[in-house]
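1. below is the structure, and that's it, no one-letter string:
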C-alpha cells in the first residue's frame, strides 16, 4: 500500500505532523483509518524525497485518519483499565474511578497550550503503546494474550520493553 501512495507514514515530510507514526504496529494500526478516510491515494507515488515542484504537488494525508486511530486507542485504554480494575478490586465503582482518573490525567489530556504542548491525545505515539499495555494488563488471566499484547505494545513504541524483566518473572 505504501508503494501505491495510499500510506505515506514514515515519509520524512510528515515528521512532526499528525500523520507521523512510530513503530510498525502504529503503521499497521493506521491502515484501516487511512483507507476509510482516503480510499484513493493522496499522491501518485510516495518516495523518501518527493520532488516539490509547482507542477508536481505533494499532498499530506488526512490528519483525520490519525485522529480516529488515536481515539480508538484511547477507548481501548479506558475499557482495558476498567476491566483490569474491576477484576482486581471486584468492585465496579473502583473501576469507574480508575477510568475517570486516567481520562482526567494531564498526561492523557495533554500539558501546554495551543503551540507548545506535550503528551496527551495529540500524539498517537503516546496513546497507542499505553493502550496496548493496559490491554495486556486486562488479559493477565490469559498469559499468551497478555504477552502478545505486550509485544504489540513494544512494536508500537519502545517503552514497554522496559517491562520485560517483570513480565518474565
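-> Okay, I see it. What you see is a predicted model, and the numbers here were worked out from it, not measured in a lab. Residues are numbered from 1 along each chain as shown.

2. what about the closest residue to residue 71 other than its chain neighbours, is that helix, strand or coil?
-> In this structure, residue 71 finds its nearest non-sequential neighbour in residue 121, 7.8 Å apart by CB to CB, 6 or more residues apart in numbering. Where C-beta positions appear, they are placed from N, C-alpha and C, glycine not excepted. On the three-state scheme (DSSP: H, G, I helix; E, B strand; the rest coil), residue 121 is labelled coil.

3. pretty sure residue 121 sits against residue 111.
-> No. In this structure, residue 121 is not within contact of residue 111 by CB atoms under 8 Å, at 11.8 Å.

4. okay, those two: which has more neighbours?
-> residue 121 (16 against 11; other CB atoms under 10 Å).

5. and that one, how far is that from residue 70?
-> 6 Å (CB to CB, to the nearest Å).

6. okay, and the common contacts of those two?
-> The overlap between the contact sets of residue 121 and residue 70 (CB atoms under 8 Å, 6 or more residues apart in numbering) consists of residue 127.

7. okay, now residue 32: neighbour count?
-> So residue 32, with other CB under 10 Å, has 13 neighbours.

8. thinking again about what came up before, quick one, what contacts the residue nearest to residue 71?
-> 70, 71, 74, 108, 109, 110, 127.

9. find the nearest non-adjacent residue to the third one, please.
-> Nearest-residue entry for residue 74: residue 127, 5.5 Å, with adjacent residues in sequence omitted and distances by CB to CB, 6+ apart.

10. for residue 102, same thing?
-> residue 81 (5.3 Å).

11. and what of residue 109?
-> Using CB to CB, 6+ apart, the closest residue to residue 109 is residue 120 (5.4 Å).

12. ditto for residue 141
-> residue 87 (7.5 Å).

13. related to what we said a few turns ago, and the gap between the residue nearest to residue 102 and residue 107?
-> 13 Å.

14. before we move on, the earlier item: number of residues surrounding the residue nearest to residue 141?
-> 13.

15. so what pLDDT did it get?
-> Per-residue pLDDT puts residue 87 at 92.
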